[in-house]
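Asker: below are the sequence and a predicted model for it; my questions follow.
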Amino acid sequence: MIAVLTGGTVIGGELLLSGCKSGSGSTLSFSEADIAFLDEIAEAIIPKTNTPGAKDAAVGKFMTVMVNDCYEPKDQQIFHDGLTKIEDASQKKYSTSFIKLDDAKKKELLTGLDKEAKDYQKSKKESDPQHYFTMMKQLTLFGFFTSKPGATEALRYVAIPGRYEGSVPYHKGDKAWAT
């Protein structure tokens, strides 16, 4: 589902099925400032509305764990470099830090990066690396919708379903099911 939404393959998808290995030997680390920056990026992708946003689900911290434990070193480097690229793009376009941008400018900047990533995906060879923004967007979606706030407040959730119901009425605007 994440791959379809972001127009590509899920980075580390095979590891998600088999489980990630803690302590993958990564020499890269994330600072608290990096985690806060990732939270801002994620919140611009999934903002708080009448449901929780990505910050409420601590998606920035989730991304750091997934990158360090599940990504290959070359993908970890691409992800880390992406943080600098987003900050540089913000400085170039708005002459200020991404974190200091208002919500509309954050959305505009990330929408441009999303278009860039989708265009890259269309022309990339199989051996080419994934675009850094594709990785961030995939981890934002995965982290949010598998978190407690995402699954229980943004989606419909039944902790222990009572029985199988193959045909449940759907009305336009209903939340999707988490379970």
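Answerer: Received it, and whenever you're ready, just let me know what you need.
Asker: is Ala154 in contact with Ala54, as I believe?
Answerer: No. Ala154 lies out of contact with Ala54 (CB atoms under 8 Å); the separation is 10.3 Å. C-beta coordinates here come from the backbone N, C-alpha and C atoms, glycine included.
Asker: could you check how far Asp114 is from Gln121?
Answerer: 11 Å (CB to CB, to the nearest Å).
Asker: list phi and psi for the residue nearest to the spatial centre of the chain.
Answerer: When the chain is reduced to its mean C-alpha position, the closest residue under CA atoms, centre = their mean turns out to be Thr140, at 1.9 Å. Here is the backbone geometry of Thr140 (degrees, to the nearest 10): phi -60, psi -50.
Asker: likewise for Arg156?
Answerer: Dihedral angles (degrees, to the nearest 10) for Arg156: phi -80, psi 140.
Asker: run through the bridge partners of it.
Answerer: Beta-bridge partners recorded for Arg156 (DSSP bridges): Trp177.
Asker: three-state assignment of Val168?
Answerer: Following DSSP: H, G, I helix; E, B strand; the rest coil, Val168 is assigned to coil.
Asker: and for it, the neighbour number?
Answerer: 8 (other CB atoms under 10 Å).
Asker: just to revisit the earlier point, separation between the residue nearest to the centre of the chain and Ala57?
Answerer: Taking CB to CB, one finds Thr140 at 9 Å from Ala57.
Asker: same check on His131?
Answerer: 23 Å.
Asker: and Phe142, by the same measure?
Answerer: On the measure of CB to CB, Phe142 and Ala57 end up 11 Å apart.
Asker: comparing those two, which residue is more hemmed in?
Answerer: Higher neighbour count among Phe142 and Ala57: Ala57, with 26 against 21, using other CB under 10 Å.
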